[in-house]
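Participant: Sequence and predicted structure are below.
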Amino acid sequence: MPHFDFSLPAPAKLNLFLHILGRRPDGYHELQTLFQLLDFGDEIRFARSDSSDIRLESPLTDVPLEQNLVYRAARLLQEHTGQKKPGAQLQLVKRLPAGGGIGGGSSDAATTLLGLNKLWNLGLHLDTLAELGRQLGADVPVFVRGRTAWAEGVGEQLQAVEMPEDFFLVLTPGCHVSTQAVFTDPRLTRDTAPITLARFHEGHGHNDCQPLVEDLYPEVRETRLWLSQYAPARMTGTGASVFARFDSEQDASQVLARAPDGLRGFVARGVNVSPAHLSLQAQ
Ligand SMILES: C[C@@](CO)(OP(=O)(O)O)[C@H](O)COP(=O)(O)OP(=O)(O)OC[C@H]1O[C@@H](n2ccc(N)nc2=O)[C@H](O)[C@@H]1O
Ligand SMILES: Nc1ncnc2c1ncn2[C@@H]1O[C@H](COP(=O)(O)OP(=O)(O)O)[C@@H](O)[C@H]1O
(Lines give C-alpha, C1' and ligand atoms only; values in the text may rest on other atoms or scores of the structure.)
(Ligands and ions follow the chains in the order given, each with its own letter.)
Protein backbone atom coordinates (compact mmCIF):
# COMPACT_ATOMS: atom_id res chain seq x y z
CA MET A 1 0.00 0.00 0.00
CA PRO A 2 1.83 3.14 -1.18
CA HIS A 3 1.75 6.30 0.87
CA PHE A 4 -0.19 9.03 -0.94
CA ASP A 5 0.81 12.69 -0.61
CA PHE A 6 -2.78 13.94 -0.93
CA SER A 7 -6.19 13.08 -2.33
CA LEU A 8 -8.74 15.18 -4.23
CA PRO A 9 -12.47 14.74 -4.97
CA ALA A 10 -13.73 14.34 -8.54
CA PRO A 11 -17.35 15.51 -8.25
CA ALA A 12 -20.31 14.55 -10.42
CA LYS A 13 -22.37 17.03 -12.44
CA LEU A 14 -25.94 17.19 -13.66
CA ASN A 15 -27.15 18.88 -16.83
CA LEU A 16 -30.18 20.74 -15.41
CA PHE A 17 -31.23 21.17 -19.05
CA LEU A 18 -29.52 20.29 -22.34
CA HIS A 19 -30.46 21.94 -25.64
CA ILE A 20 -28.85 20.96 -28.93
CA LEU A 21 -28.75 24.04 -31.18
CA GLY A 22 -26.97 22.63 -34.22
CA ARG A 23 -24.14 20.55 -35.61
CA ARG A 24 -20.71 21.93 -36.52
CA PRO A 25 -18.70 20.82 -39.56
CA ASP A 26 -16.40 18.73 -37.30
CA GLY A 27 -19.43 16.68 -36.14
CA TYR A 28 -19.55 18.18 -32.64
CA HIS A 29 -22.79 19.79 -31.53
CA GLU A 30 -23.45 23.35 -30.42
CA LEU A 31 -25.33 23.17 -27.17
CA GLN A 32 -26.65 25.12 -24.23
CA THR A 33 -26.67 23.56 -20.81
CA LEU A 34 -26.47 24.32 -17.12
CA PHE A 35 -23.77 22.25 -15.45
CA GLN A 36 -24.76 21.79 -11.80
CA LEU A 37 -21.84 20.48 -9.70
CA LEU A 38 -22.59 18.03 -6.88
CA ASP A 39 -20.82 17.34 -3.58
CA PHE A 40 -20.57 13.60 -4.35
CA GLY A 41 -18.19 11.80 -6.68
CA ASP A 42 -15.01 9.84 -7.24
CA GLU A 43 -11.69 10.44 -5.50
CA ILE A 44 -8.11 10.42 -6.79
CA ARG A 45 -5.04 9.86 -4.61
CA PHE A 46 -1.68 11.26 -5.66
CA ALA A 47 1.88 10.25 -4.79
CA ARG A 48 5.26 11.33 -6.15
CA SER A 49 7.26 8.75 -8.05
CA ASP A 50 11.02 8.40 -8.58
CA SER A 51 10.57 7.10 -12.12
CA SER A 52 8.91 9.01 -14.98
CA ASP A 53 6.14 6.38 -15.21
CA ILE A 54 2.47 7.12 -14.63
CA ARG A 55 1.17 4.25 -12.49
CA LEU A 56 -2.59 3.99 -12.00
CA GLU A 57 -4.53 1.72 -9.70
CA SER A 58 -8.11 1.66 -11.03
CA PRO A 59 -11.13 -0.54 -10.28
CA LEU A 60 -12.37 -0.10 -13.89
CA THR A 61 -11.13 -3.48 -15.12
CA ASP A 62 -12.93 -3.13 -18.50
CA VAL A 63 -11.19 0.20 -19.30
CA PRO A 64 -7.61 -0.39 -20.60
CA LEU A 65 -4.96 1.80 -18.94
CA GLU A 66 -4.28 3.85 -22.11
CA GLN A 67 -8.01 4.67 -22.38
CA ASN A 68 -8.55 5.59 -18.75
CA LEU A 69 -9.14 9.35 -18.60
CA VAL A 70 -6.98 9.61 -15.47
CA TYR A 71 -4.01 8.09 -17.31
CA ARG A 72 -4.73 10.10 -20.49
CA ALA A 73 -4.90 13.36 -18.52
CA ALA A 74 -1.61 12.55 -16.75
CA ARG A 75 0.15 11.73 -20.02
CA LEU A 76 -1.18 14.88 -21.70
CA LEU A 77 0.11 17.05 -18.86
CA GLN A 78 3.43 15.20 -18.86
CA GLU A 79 3.80 15.91 -22.60
CA HIS A 80 2.82 19.55 -22.05
CA THR A 81 5.56 20.01 -19.44
CA GLY A 82 8.19 19.13 -22.06
CA GLN A 83 11.76 18.17 -21.11
CA LYS A 84 11.57 17.21 -17.47
CA LYS A 85 9.13 14.33 -17.15
CA PRO A 86 8.20 13.56 -13.56
CA GLY A 87 6.06 10.51 -12.86
CA ALA A 88 3.28 9.78 -10.41
CA GLN A 89 1.51 7.01 -8.58
CA LEU A 90 -2.28 7.48 -8.81
CA GLN A 91 -5.19 5.62 -7.28
CA LEU A 92 -8.77 6.04 -8.53
CA VAL A 93 -11.59 5.46 -6.05
CA LYS A 94 -14.69 5.04 -8.25
CA ARG A 95 -18.13 5.84 -6.89
CA LEU A 96 -19.87 7.24 -10.00
CA PRO A 97 -21.35 4.89 -12.62
CA ALA A 98 -19.29 5.08 -15.84
CA GLY A 99 -21.27 6.38 -18.80
CA GLY A 100 -24.04 7.63 -16.55
CA GLY A 101 -24.28 11.20 -17.91
CA ILE A 102 -22.94 12.54 -14.62
CA GLY A 103 -19.46 13.23 -15.94
CA GLY A 104 -17.45 10.75 -13.87
CA GLY A 105 -14.70 10.15 -16.42
CA SER A 106 -14.50 13.84 -17.34
CA SER A 107 -14.30 14.87 -13.68
CA ASP A 108 -11.59 12.26 -13.06
CA ALA A 109 -9.60 13.80 -15.93
CA ALA A 110 -10.02 17.32 -14.54
CA THR A 111 -9.05 16.31 -11.00
CA THR A 112 -5.98 14.55 -12.40
CA LEU A 113 -4.92 17.79 -14.14
CA LEU A 114 -5.53 19.85 -10.98
CA GLY A 115 -3.78 17.33 -8.74
CA LEU A 116 -0.71 16.83 -10.91
CA ASN A 117 -0.38 20.61 -11.34
CA LYS A 118 0.04 20.64 -7.54
CA LEU A 119 2.10 17.42 -7.19
CA TRP A 120 4.59 18.54 -9.86
CA ASN A 121 4.58 22.23 -8.75
CA LEU A 122 3.77 23.31 -12.31
CA GLY A 123 1.90 26.49 -11.39
CA LEU A 124 -0.18 26.26 -14.58
CA HIS A 125 -3.14 28.66 -14.91
CA LEU A 126 -6.69 27.24 -14.98
CA ASP A 127 -7.00 28.54 -18.58
CA THR A 128 -4.14 26.26 -19.63
CA LEU A 129 -5.51 23.27 -17.72
CA ALA A 130 -9.01 23.87 -19.17
CA GLU A 131 -7.58 23.93 -22.71
CA LEU A 132 -5.70 20.69 -22.07
CA GLY A 133 -8.90 19.25 -20.60
CA ARG A 134 -10.88 20.25 -23.70
CA GLN A 135 -8.60 17.94 -25.72
CA LEU A 136 -9.78 15.04 -23.54
CA GLY A 137 -13.52 15.74 -23.66
CA ALA A 138 -16.11 18.49 -24.04
CA ASP A 139 -17.14 18.10 -20.39
CA VAL A 140 -13.67 18.38 -18.83
CA PRO A 141 -13.27 22.24 -18.78
CA VAL A 142 -16.22 22.83 -16.41
CA PHE A 143 -14.66 20.51 -13.85
CA VAL A 144 -11.25 22.19 -14.27
CA ARG A 145 -12.79 25.62 -13.64
CA GLY A 146 -14.85 24.21 -10.78
CA ARG A 147 -17.93 26.42 -10.88
CA THR A 148 -21.57 25.52 -11.51
CA ALA A 149 -21.97 27.16 -14.89
CA TRP A 150 -24.06 28.05 -17.89
CA ALA A 151 -22.32 26.53 -20.94
CA GLU A 152 -22.42 27.17 -24.66
CA GLY A 153 -20.32 26.17 -27.68
CA VAL A 154 -19.55 22.45 -27.28
CA GLY A 155 -19.63 22.99 -23.53
CA GLU A 156 -16.38 24.91 -23.17
CA GLN A 157 -17.76 28.49 -23.12
CA LEU A 158 -18.57 28.81 -19.45
CA GLN A 159 -20.19 31.46 -17.29
CA ALA A 160 -20.39 30.78 -13.54
CA VAL A 161 -23.95 30.82 -12.16
CA GLU A 162 -25.05 30.88 -8.51
CA MET A 163 -27.75 28.27 -7.94
CA PRO A 164 -29.63 27.39 -4.75
CA GLU A 165 -27.70 24.57 -3.05
CA ASP A 166 -30.63 22.11 -2.98
CA PHE A 167 -30.52 18.33 -2.76
CA PHE A 168 -30.76 16.01 -5.73
CA LEU A 169 -31.63 12.35 -5.98
CA VAL A 170 -29.80 10.73 -8.92
CA LEU A 171 -30.90 7.29 -10.18
CA THR A 172 -29.00 5.26 -12.76
CA PRO A 173 -30.69 2.34 -14.51
CA GLY A 174 -28.45 -0.57 -15.44
CA CYS A 175 -27.94 0.33 -19.10
CA HIS A 176 -24.90 2.01 -20.63
CA VAL A 177 -25.65 4.87 -23.07
CA SER A 178 -22.92 5.80 -25.55
CA THR A 179 -22.65 9.61 -25.90
CA GLN A 180 -21.31 9.18 -29.42
CA ALA A 181 -24.23 6.91 -30.45
CA VAL A 182 -26.75 9.53 -29.25
CA PHE A 183 -25.01 12.35 -31.13
CA THR A 184 -24.78 10.39 -34.38
CA ASP A 185 -28.41 9.22 -34.35
CA PRO A 186 -30.41 10.92 -37.15
CA ARG A 187 -33.47 11.13 -34.89
CA LEU A 188 -31.77 13.52 -32.42
CA THR A 189 -33.40 16.99 -32.27
CA ARG A 190 -30.65 19.41 -33.30
CA ASP A 191 -32.46 22.68 -33.96
CA THR A 192 -33.62 23.99 -30.62
CA ALA A 193 -33.68 27.81 -30.50
CA PRO A 194 -31.23 29.43 -28.05
CA ILE A 195 -32.64 30.57 -24.70
CA THR A 196 -31.32 33.09 -22.17
CA LEU A 197 -30.30 32.41 -18.57
CA ALA A 198 -33.31 34.52 -17.52
CA ARG A 199 -35.66 32.21 -19.44
CA PHE A 200 -34.06 29.20 -17.77
CA HIS A 201 -34.66 30.77 -14.33
CA GLU A 202 -38.31 31.27 -15.35
CA GLY A 203 -38.59 27.49 -15.71
CA HIS A 204 -37.79 26.92 -19.38
CA GLY A 205 -35.46 24.17 -20.55
CA HIS A 206 -35.56 20.45 -21.34
CA ASN A 207 -33.15 17.72 -22.44
CA ASP A 208 -33.15 17.20 -26.23
CA CYS A 209 -31.48 13.79 -25.84
CA GLN A 210 -34.14 12.43 -23.48
CA PRO A 211 -36.87 11.32 -25.98
CA LEU A 212 -34.34 9.49 -28.17
CA VAL A 213 -32.53 7.80 -25.27
CA GLU A 214 -35.86 6.79 -23.71
CA ASP A 215 -36.88 5.15 -27.00
CA LEU A 216 -33.57 3.29 -27.22
CA TYR A 217 -33.51 2.34 -23.53
CA PRO A 218 -37.01 1.88 -22.06
CA GLU A 219 -35.48 1.47 -18.58
CA VAL A 220 -34.48 5.17 -18.69
CA ARG A 221 -38.13 6.17 -19.30
CA GLU A 222 -39.33 3.76 -16.59
CA THR A 223 -36.85 5.21 -14.11
CA ARG A 224 -37.82 8.81 -14.91
CA LEU A 225 -41.55 8.02 -14.67
CA TRP A 226 -41.01 6.26 -11.33
CA LEU A 227 -39.11 9.28 -9.96
CA SER A 228 -41.74 11.69 -11.37
CA GLN A 229 -44.22 10.35 -8.81
CA TYR A 230 -42.26 12.27 -6.18
CA ALA A 231 -40.83 15.34 -7.96
CA PRO A 232 -40.31 16.63 -11.53
CA ALA A 233 -37.64 14.34 -13.01
CA ARG A 234 -35.34 14.71 -16.02
CA MET A 235 -32.46 12.87 -17.69
CA THR A 236 -28.94 14.31 -17.34
CA GLY A 237 -26.53 14.59 -20.30
CA THR A 238 -26.94 11.73 -22.77
CA GLY A 239 -28.19 9.48 -19.96
CA ALA A 240 -28.66 7.02 -18.51
CA SER A 241 -29.08 8.78 -15.13
CA VAL A 242 -32.18 10.76 -14.19
CA PHE A 243 -32.54 13.23 -11.35
CA ALA A 244 -35.00 15.26 -9.30
CA ARG A 245 -34.58 18.18 -6.91
CA PHE A 246 -35.72 18.01 -3.27
CA ASP A 247 -35.94 20.62 -0.50
CA SER A 248 -34.17 18.43 2.06
CA GLU A 249 -31.70 15.56 2.19
CA GLN A 250 -34.24 13.58 4.19
CA ASP A 251 -36.95 13.89 1.51
CA ALA A 252 -34.51 12.72 -1.18
CA SER A 253 -33.21 9.83 0.95
CA GLN A 254 -36.73 8.62 1.68
CA VAL A 255 -37.47 8.35 -2.04
CA LEU A 256 -34.11 6.61 -2.66
CA ALA A 257 -34.99 4.04 0.01
CA ARG A 258 -38.15 3.16 -1.98
CA ALA A 259 -36.34 2.81 -5.33
CA PRO A 260 -37.01 -0.45 -7.20
CA ASP A 261 -34.34 -3.18 -7.09
CA GLY A 262 -31.64 -2.85 -9.74
CA LEU A 263 -31.45 0.95 -9.63
CA ARG A 264 -28.24 2.53 -8.41
CA GLY A 265 -28.69 5.89 -6.79
CA PHE A 266 -27.29 8.55 -4.52
CA VAL A 267 -28.37 11.77 -2.84
CA ALA A 268 -26.10 14.81 -3.16
CA ARG A 269 -26.18 18.53 -2.56
CA GLY A 270 -25.88 20.85 -5.54
CA VAL A 271 -22.85 23.10 -4.96
CA ASN A 272 -21.67 26.29 -6.65
CA VAL A 273 -17.96 25.58 -6.09
CA SER A 274 -16.32 22.23 -6.86
CA PRO A 275 -15.25 20.14 -3.85
CA ALA A 276 -11.95 19.62 -5.72
CA HIS A 277 -11.25 23.37 -5.62
CA LEU A 278 -12.35 23.69 -1.99
CA SER A 279 -10.01 20.83 -1.09
CA LEU A 280 -7.09 22.42 -2.99
CA GLN A 281 -7.66 25.75 -1.21
CA ALA A 282 -7.73 24.02 2.19
CA GLN A 283 -4.45 22.10 1.64
C1 LIG B 1 -23.36 16.26 -24.09
C2 LIG B 1 -22.76 15.97 -22.74
C3 LIG B 1 -23.45 16.92 -21.75
O4 LIG B 1 -22.86 16.94 -20.50
O5 LIG B 1 -23.06 14.62 -22.45
P6 LIG B 1 -22.60 13.56 -21.28
O7 LIG B 1 -21.33 12.90 -21.74
O8 LIG B 1 -22.40 14.34 -20.02
O9 LIG B 1 -23.69 12.56 -21.18
C10 LIG B 1 -21.27 16.26 -22.77
O11 LIG B 1 -21.01 17.60 -23.14
C12 LIG B 1 -20.45 15.36 -23.62
O13 LIG B 1 -19.12 15.55 -23.18
P14 LIG B 1 -18.02 14.39 -23.23
O15 LIG B 1 -18.61 13.11 -22.71
O16 LIG B 1 -16.80 14.94 -22.56
O17 LIG B 1 -17.87 14.28 -24.77
P18 LIG B 1 -16.63 13.91 -25.68
O19 LIG B 1 -15.89 12.77 -25.06
O20 LIG B 1 -15.90 15.16 -26.02
O21 LIG B 1 -17.38 13.41 -26.99
C22 LIG B 1 -18.06 12.16 -27.09
C23 LIG B 1 -18.82 12.16 -28.40
O24 LIG B 1 -20.00 12.96 -28.24
C25 LIG B 1 -20.20 13.81 -29.37
N26 LIG B 1 -20.34 15.20 -28.89
C27 LIG B 1 -19.94 15.56 -27.64
C28 LIG B 1 -20.12 16.85 -27.20
C29 LIG B 1 -20.71 17.79 -28.08
N30 LIG B 1 -20.91 19.06 -27.70
N31 LIG B 1 -21.08 17.41 -29.31
C32 LIG B 1 -20.92 16.12 -29.72
O33 LIG B 1 -21.29 15.81 -30.85
C34 LIG B 1 -19.08 13.57 -30.31
O35 LIG B 1 -19.59 12.76 -31.33
C36 LIG B 1 -18.04 12.78 -29.55
O37 LIG B 1 -17.50 11.79 -30.34
N1 LIG C 1 -11.78 7.26 -15.22
C2 LIG C 1 -12.87 6.91 -15.93
N3 LIG C 1 -14.07 6.84 -15.33
C4 LIG C 1 -15.18 6.52 -16.05
N5 LIG C 1 -15.17 6.21 -17.34
C6 LIG C 1 -14.00 6.27 -17.99
C7 LIG C 1 -12.81 6.63 -17.31
N8 LIG C 1 -11.82 6.61 -18.21
C9 LIG C 1 -12.38 6.27 -19.39
N10 LIG C 1 -13.67 6.04 -19.27
C11 LIG C 1 -14.59 5.69 -20.38
O12 LIG C 1 -15.40 6.82 -20.65
C13 LIG C 1 -16.77 6.47 -20.83
C14 LIG C 1 -17.68 7.63 -20.38
O15 LIG C 1 -17.51 7.82 -19.03
P16 LIG C 1 -18.22 8.95 -18.14
O17 LIG C 1 -17.50 10.24 -18.24
O18 LIG C 1 -18.36 8.38 -16.76
O19 LIG C 1 -19.65 9.07 -18.78
P20 LIG C 1 -20.58 10.30 -19.08
O21 LIG C 1 -19.81 11.22 -19.99
O22 LIG C 1 -21.79 9.69 -19.71
O23 LIG C 1 -20.88 10.92 -17.76
C24 LIG C 1 -16.92 5.17 -20.03
O25 LIG C 1 -17.87 4.33 -20.60
C26 LIG C 1 -15.53 4.53 -20.06
O27 LIG C 1 -15.42 3.60 -21.11
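Facilitator: Yep, it's here. Ligands and ions are numbered 1, 2, ... in the order given.

Participant: C-alpha only now, for contacts and for neighbours.
Facilitator: Noted.

Participant: Next secondary structure after the helix or strand of the chain with the lowest mean pLDDT?
Facilitator: Taking mean pLDDT, DSSP states H and E as the measure, the helix or strand of the chain with the lowest value is helix 179-184, at a mean of 92. As assigned by DSSP states H and E, the chain's next helix or strand after helix 179-184 is helix 197-201.

Participant: Can you name the element that comes right after that following helix?
Facilitator: Tracing the chain past helix 197-201, the next element assigned as helix or strand by DSSP H and E is helix 210-216.

Participant: Show me the contact partners of the next helix or strand after that next one.
Facilitator: The helix or strand immediately downstream of helix 210-216 is helix 218-228, counting by DSSP H and E. Helix 218-228 is contacted from outside by 171-175, 213-215, 233-235, 239-244, using CA atoms under 8 Å, 6 or more residues apart in numbering.

Participant: In strands only, show me those residues.
Facilitator: Secondary structure from DSSP state E places 171, 172, 233, 234, 235, 242, 243, 244 of those in strands.

Participant: Who wins on neighbours among those residues?
Facilitator: residue 235 (33 neighbours; other CA atoms under 10 Å).

Participant: What distance do you get for the residue lying closest to residue 179 once chain neighbours are set aside to residue 281?
Facilitator: Excluding the flanking residues, the one nearest residue 179 by CA to CA, 6 or more residues apart in numbering is residue 238, at 5.7 Å. Distance of residue 238 to residue 281, computed by CA to CA, to the nearest Å: 32 Å.

Participant: Compare those two and say which is more crowded by neighbours.
Facilitator: Neighbour totals were compared for residue 238 and residue 281, and residue 238 leads with 25 against 8 (other CA under 10 Å).
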